[in-house]
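Student: Predicted model follows, preceded by the sequence.
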Amino acid sequence: MSIKNEMQDAINDQIQAEMFSAYLYLSMASWFDDEDLPGFSNWMRCQYMEETMHAMKFFNFLNDRGGRAELKPLEGPDTKWNSYIEAFEAVVKHEEYISGRINKLVTLSRKLEDYATESFLMWYVDEQVEEEDSANEILSKVKRIKTDSNGLFMLDKELASRALSPAAVPTILAQPII
């Protein structure tokens, strides 16, 4: 059974939102590089890759369900923040926004009685719990650090150790590249 047009359109909108997320986090990585915080930049680069993989999961799902991914233009993200606290407040706010979008997709899938899409979306529901928790944890730390250079150095070192799981990477390559 093919995916319904209303669901396809909503997922295409979500692909755009996921790609914007990737673009936003890459912009933040650049800003953190400019602020000489390579660990923070690394964390954002990992977020960029993760968000790209999220978009690709939606892309592949649409194609697997007989739909068609239709890529839409992206607006430019912010490029400057007044502090690393403000940057992570923006991350938390953005992840909460994405969680709301995912919840609306679940609601739509239930309205359309599209149980395959609902099942697929449960991964994103769980993922967003992790995304919000991670962003809130870092925000809490940067708020405690404030302007303490030793604390900032230690957190930067901690964030530098983040790596994308090798198991996650094949998601992008779920479809053959010929």
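Tutor: Looks like it arrived, so ask away. Residues are numbered from 1 along each chain as shown.

Student: Can you show me the helices along the protein?
Tutor: Taking DSSP state H as the criterion, the chain contains helices spanning 5-34, 38-64, 84-111, 115-145, 149-160.

Student: what would the ones you listed look like in TSV with mean neighbour count and mean pLDDT?
Tutor: Every C-beta, even on glycine, is put in place using the N, C-alpha and C of the backbone. Formatted as TSV, the helices of the chain follow (neighbours: other Cβ atoms under 10 Å; pLDDT from 0 to 100):
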stretch	mean neighbour count	mean pLDDT
helix 5-34	19	98
helix 38-64	20	97
helix 84-111	17	98
helix 115-145	16	97
helix 149-160	15	95
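
Student: do you know how far the spatially most central residue of the chain is from residue 83?
Tutor: Most central in the chain under Cα atoms, centre = their mean is residue 51, positioned 3.6 Å from the mean C-alpha point. Distance, residue 51 to residue 83, by Cβ to Cβ, to the nearest Å: 23 Å.

Student: Next, format the helices of the chain as TSV and append distance to residue 73.
Tutor: Listed next are the helices of the chain as TSV, based on distance: least, Cβ to Cβ, whole Å:
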stretch	distance to residue 73
helix 5-34	8
helix 38-64	14
helix 84-111	18
helix 115-145	23
helix 149-160	31
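
Student: Nearest approach to residue 72 belongs to which of the ones you listed?
Tutor: Residue 72 sits nearest to helix 5-34 of all these, at 4.4 Å, using Cβ to Cβ.
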